[in-house]
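Participant: return a 3D structure for these sequence lines:
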Amino acid sequence: MNTIEQLNEMTLEGAHAWFMQTCTATQWCELMTQSRPYTSVEHLSDCAAQHWAKMQSSDYREAFEGHPMIGDIDSLREKYATTKKMAGNEQAGTAVASESVLKALQQANADYLEKHGFIFIICASGLSAETMLAALNDRIENSTHIEEQNAAREQLKITLLRISKAFEGNLLTRTQIKDQNKHQNKGTPL
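Facilitator: Okay, here's the model as predicted:
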């Protein structure tokens, strides 16, 4: 995706498929598709957050199923090919982790899944495997209700990051547009 205009001009099916790469909650994708046209990446991101706030437990769980377990690189490669382009290096921190940390992540993830009924969700971008493991160990003892809320917040961070990356360097933000308009209205070059 290069521009917001291209997203706005996509067919319903094309836009829905694009949104599924950012978040696999079907209801959220439908709302995002129906909310077009978007005026900026900020507008798109604002709508993403507003629509996410309308989601229910079943929507959260559907979105969580669109992720591999943290540290499960084989799963990331195979099962989640549809989100691969946008997910990119979200779990890059696990690529340089020691074998013992990866095994601890694997066990803690299995324990978390057994306790809560969904995988551990964290916006892993920029986090080391050790940091993710510490967060998992901190959160595993929470109630499932609290963890679902924590995971939903992390899911929104991931979604917004994917949206941002999709348009990185290709669009002006609202602030930049306002500044540009100010300069143009004053006859001042940028």
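
Participant: what's in contact with stretch 140-152?
Facilitator: Stretch 140-152 is contacted by residues 52, 55, 57, 60-61, 63-64, 108, 111-112, 115-118, 120-121, 139 when judged by CB atoms under 8 Å, 6 or more residues apart in numbering. (Each C-beta comes from the backbone N, C-alpha and C, glycine too.)

Participant: chain center to it, what's the gap?
Facilitator: 18 Å (CA atoms, centre = their mean, to the nearest Å).

Participant: which parts of that stretch are buried?
Facilitator: When burial is assessed from 16 or more other CB atoms under 10 Å, stretch 140-152 yields the following buried residues: Glu147, Glu148, Asn150, Ala151, Ala152.

Participant: between those residues, which is nearest Leu102?
Facilitator: Set against Leu102, the nearest of the buried residues of stretch 140-152 by CB to CB is Ala151 (21.3 Å).

Participant: is that closest one in a helix, a strand, or coil?
Facilitator: Three-state call for Ala151 (DSSP: H, G, I helix; E, B strand; the rest coil): helix.

Participant: for Glu30, see how far away it is.
Facilitator: From Ala151 over to Glu30 the distance is 21 Å, taken as CB to CB, to the nearest Å.

Participant: before we move on, what about Glu114?
Facilitator: Noted for Glu114: a distance of 32 Å to Glu30, by CB to CB.

Participant: what bits of the chain have low per-residue confidence?
Facilitator: Low-confidence segments of the chain, defined by pLDDT under 70, span residues 1, 71-97, 169-190.

Participant: residues contacting Glu9?
Facilitator: Glu9 touches nothing, counting by CB under 8 Å, 6+ apart.
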